[in-house]
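A.B. asks: Need the 3D shape of this:
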Amino acid sequence: MASMINYKPVVELLSHYGLQKTTMSDLAEAVGVTRQTLYNRFKTKQHVRDWALLEYMSEVNDTAIAVLENAAPDATLEVVLEAFERWGGDYVQMVRYSPHGMDILEGALQLVASNAETPIDRFERRLEKFIESRQLSPTPVETTMVLVFAAKGVFVSCTDAKDYRNKMGAVINALLGVMQSA
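C.D. replies: The predicted structure is shown next:
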């Protein structure tokens, strides 16, 4: 049943109005089902939010992973940057400029902290494999960890997707570009 419901209108609605001001009726209308259908499936609007955020994070991570998996054999640093753009840069606008975008980010972070396995873990493992297979670093595990931490910091400090790209490009070049030329 949840797979028949599009999570995107839920995330959009919550980013504009917040969880407190959004009703189950609002959520049901946004996704085109009855309020009772949502109650039967999710029980509470918090559960609807959690489901939508997990779906959202899965799609974000799957898109970033696809960039890495579909890269040309000789592609390296630009592919890493594009993967991070899909992972974070595409969503700066919604988080920074929607009235409740930071609430969406906070909810997602809480979900990540409360789950043993998250969509983010899949992206990190695939990035590590990419870095290792392309021999971009002698320490792919540590390099991946630094890149992910840096991406999170860049995400909260940038103003838009272009700013994110520029800052992550600088991080990637500083970390991996040095290793490429060594």
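
A.B. asks: which SS state does Glu12 fall under?
C.D. replies: Following DSSP: H, G, I helix; E, B strand; the rest coil, we place Glu12 in the helix state.

A.B. asks: how about the nearest residue to it, chain neighbours excluded?
C.D. replies: Excluding its sequence neighbours, the residue lying closest to Glu12 (CB to CB, 6 or more residues apart in numbering) is Ala30, at 7.6 Å. Placement of C-beta: from N, CA and C, glycine included.

A.B. asks: what about the chain, any weak spots by pLDDT?
C.D. replies: Within the chain, the ranges that satisfy pLDDT under 70 run 1-3, 178-182.

A.B. asks: Have a look at it and report its longest helix.
C.D. replies: Across the chain, the longest stretch assigned as helix under DSSP state H is helix 45-69.

A.B. asks: If you count neighbours, what's buried in it?
C.D. replies: 45, 48-57, 60-61, 64-65, 67-68 (16 or more other CB atoms under 10 Å).

A.B. asks: Helices of this protein, residue ranges please.
C.D. replies: 8-21, 24-31, 35-42, 45-69, 77-87, 92-97, 101-114, 119-133, 140-157, 161-172, 178-181.

A.B. asks: contact partners of the longest one?
C.D. replies: If I follow you right, that is helix 45-69. With CB atoms under 8 Å, 6 or more residues apart in numbering as the contact definition, helix 45-69 has outside contacts at 2, 7-8, 10-11, 14, 19, 22-24, 27, 38, 42, 79-80, 82-84, 86-87, 90-91, 104, 107-108, 111-112, 118-120, 122-123, 126-127, 129-130.

A.B. asks: Point out the most buried one among the helices of the chain.
C.D. replies: Burial of the helices of the chain is given as mean neighbour count (mean count of other CB atoms under 10 Å); helix 77-87 ranks first at a mean of 21.

A.B. asks: so how far is that one from its chain's centroid?
C.D. replies: 12 Å (CA atoms, centre = their mean, to the nearest Å).

A.B. asks: Tell me which other helices or strands that helix touches.
C.D. replies: Using 3 or more CB pairs under 8 Å, 6 or more residues apart in numbering; DSSP states H and E, the elements in contact with helix 77-87 are helix 45-69, helix 119-133, helix 140-157, helix 161-172.

A.B. asks: now these as TSV including distance to Thr34?
C.D. replies: Shown next, in TSV, are those (distance: least, CB to CB, whole Å):
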stretch	distance to Thr34
helix 45-69	13
helix 119-133	29
helix 140-157	36
helix 161-172	37
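
A.B. asks: Any idea which of those helices gets closest to Pro99?
C.D. replies: When these are compared by CB to CB, helix 45-69 sits nearest Pro99, at 15.5 Å.

A.B. asks: Report the distance from stretch 152-161 to the chain centre.
C.D. replies: With CA atoms, centre = their mean, you get 13 Å for stretch 152-161.
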